[in-house]
Every structure is written in C-alpha cells, then in structure tokens.
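**Q** Pasting a predicted model and its sequence here:
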Amino acid sequence: MSLKRILVLCFLLSLGGNGASAADFDVMREQVAALGRLTAPPAVYPADGFASDGTLKPLFFEALPWKGNPTRVFAWLGVPSAHNGKLPAIVLVHGGGGTAYKEWVRRWNDRGFAAVSIAVEGQTDERDPQGPRGASWKRHAWAGPARTQIYGDSAEPLADQWMFHAVADTVLAHSLLRSLPDVDRDKVGLMGISWGGVIVSTVIGIDDRFAFDCRAAAHRKA
C-alpha cells in the first residue's frame with residue numbers, strides 16, 4: 001500500500017470511518033482523494049470592511065459547499081513588493097482558537113516569501129466579545145463548519161465534517177498561491193501550528209504539490 005493510501009486511510013479512520021461498510025469506505029476514500037484534485041485557483045472576493053495593511057491584503061476565496069450552502073474562506077495574502085524573479089511562498093494554517101493572522105504573513109514576507117494565512121473555522125480576524133472563549137472570532141456570512149472539540153462531528157457525513165473542509169481550504173489556498181504571477185509554483189510550502197499541524201499532516205498526504213512543510217506544537221505557559 002502506498003504512503004498516500006495509508007494517509008488517506010488514517011484520515012478516514014480519524015473521522016469516524018471505522019464503522020463504515022467496505023462500499024461506504026470506497027466512496028469516502030474517493031471523496032478524500034478528490035480533495036487533492038482541487039488544483040484550479042478558487043474565485044477570490046474582496047473582504048469588505050477589512051482594510052489592506054501595506055502590501056497585506058484581506059480577502060475571501062471560494063471553498064466547498066457545506067450542507068448545500070456556498071462557503072468562503074477569510075485570508076490575509078501578502079507578496080513582498082521588492083524582489084527579483086519569482087518568489088517562494090507558503091500557506092499558513094492556525095491552531096485551535098486561532099485565525100488568519102496578518103502578522104504571520106508579514107513575518108514570512110520579511111523573509112522574502114509570498115504568504116497566505118487562512119481561517120479554517122468560518123471566522124474572520126475580528127474578535128467577538130460575546131464569544132465563548134477569550135480568543136474567539138466573529139464568523140462571517142459564508143462560513144463553513146467550525147471545529148467541535150476533537151473530531152466531535154465524526155458522526156456527520158464526511159463532506160459535512162470540519163476536518164474535511166479544513167483540508168479542502170488548505171489545498172485551495174495552495175492553488176491560489178500557485179496561480180500568482182510572482183510565485184514560483186515549485187517552491188510553495190505549508191506550515192501549521194497545533195491543530196494546524198494536524199491539518200498539515202493530513203494535507204501533505206493528499207496534495208503532493210508542496211515543496212516543503214513544517215509543523216509546530218502549541219505550548220501553554222504555567
């Protein structure tokens with residue numbers, strides 16, 4: 001069995017596929033494999049109400065439907081203004097309780113990378129003072145699923161589960177970056193922190209176009 005098939009199998013088992021019949025499992029495996037074929041750049045829309053910050057641009061891009069409704073992903077995109085030739089680039093995926101951080105994009109821009117930081121729970125980077133947690137963010141009108149504890153939505157159909165959409169969002173962000181004229185499509189990487197690291201570990205088994213990846217754990221201070 002190939003490494004890619006093993007990773008897809010692990011992904012399905014983590015999402016509750018261990019109780020499926022062989023026929024159901026084949027269908028779900030094809031659903032997961034199809035995420036790796038999201039290679040066309042998604043449609044991009046302006047993020048009204050969010051101001052650009054120098055070379056950093058807020059935007060929405062089109063994602064997969066969720067429960068029959070269209071969805072979009074909020075993101076910050078940055079391309080260094082001064083450069084010679086095409087740039088390396090990176091997709092940035094936040095951890096639990098996080099969002100699309102423009103500061104993260106700026107750090108990679110300062111090192112000569114184009115970068116996109118995405119919000120994978122249907123949120124923006126605007127804090128919600130009425131939210132259940134101090135680090136919660138406002139959801140937008142085109143939101144897909146949000147994370148429910150640790151695979152808490154695994155009883156839902158595969159295409160309605162949060163991790164399925166988080167993986168799709170990441171692949172689509174990669175396709176968006178690769179479409180930019182200033183980006184070297186053979187030098188695009190992927191980085192995730194905490195839950196973002198879990199997403200990265202899954203995506204690299206589905207989307208084989210990435211040149212490199214890096215993952216980091218989140219640590220809480222005592």
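**A** Good, I have the coordinates.
**Q** which residues of the chain fall in strands?
**A** Secondary structure of the chain (DSSP state E): strands located at 44-46, 56-66, 69-78, 87-93, 114-118, 123-127, 137-139, 183-193, 212-216.
**Q** partners of the third one in the sheet?
**A** Pointing back at strand 69-78 there. Within its sheet, strand 69-78 is paired with strand 56-66 (antiparallel), strand 114-118 (antiparallel), according to DSSP bridges.
**Q** report the angle between the axes of the first one and strand 123-127?
**A** Orientation check (axes from the mean of the first three to the mean of the last three CA atoms, to 10 degrees): strand 56-66 against strand 123-127 gives 130 degrees.
**Q** just the shortest one next, same as before
**A** Between the direction of strand 114-118 and that of strand 123-127, the angle (the same axes, to 10 degrees) works out to 80 degrees.
**Q** and M28, what pLDDT?
**A** At M28, the predicted lDDT confidence score is 89.
**Q** Tally up the residues packed near the closest residue to it other than its chain neighbours, please.
**A** Spatially, and ignoring its direct neighbours in sequence, M28 is nearest to L158 (5.0 Å; CB to CB, 6 or more residues apart in numbering). Where you see a C-beta, it was placed from the backbone N, CA and C, and this is true even at glycine. Neighbour count of L158, defined by other CB atoms under 10 Å: 20.
**Q** Isn't L158 up against H165?
**A** No. Using CB atoms under 8 Å, L158 makes no contact with H165, being 10.4 Å away.
**Q** sorry, back to before: point out the most buried one among the strands paired with strand 69-78.
**A** Ranked by mean neighbour count under mean count of other CB atoms under 10 Å, the strands paired with strand 69-78 are led by strand 114-118, which reaches a mean of 27.
**Q** Residues contacting it, please?
**A** Under the criterion CB atoms under 8 Å, 6 or more residues apart in numbering, residues 73-80, 87-94, 100-102, 104-105, 108-109, 169-170, 173, 176-177, 180, 182-183 lie in contact with strand 114-118.
**Q** Distance-wise, check the residue nearest the centre of the chain relative to L35.
**A** When CA atoms, centre = their mean is applied to the chain, the residue found nearest the centroid is T170 (3.0 Å). Separation of T170 from L35 (CB to CB, to the nearest Å): 9 Å.
**Q** can you map out the helices along the protein?
**A** Using DSSP state H, the helices of the chain run over residues 3-14, 22-35, 102-110, 162-178, 195-203.
**Q** Just name the most buried of the ones you listed.
**A** Of all the helices of the chain, helix 162-178 carries the top mean neighbour count, a mean of 25, counting by mean count of other CB under 10 Å.
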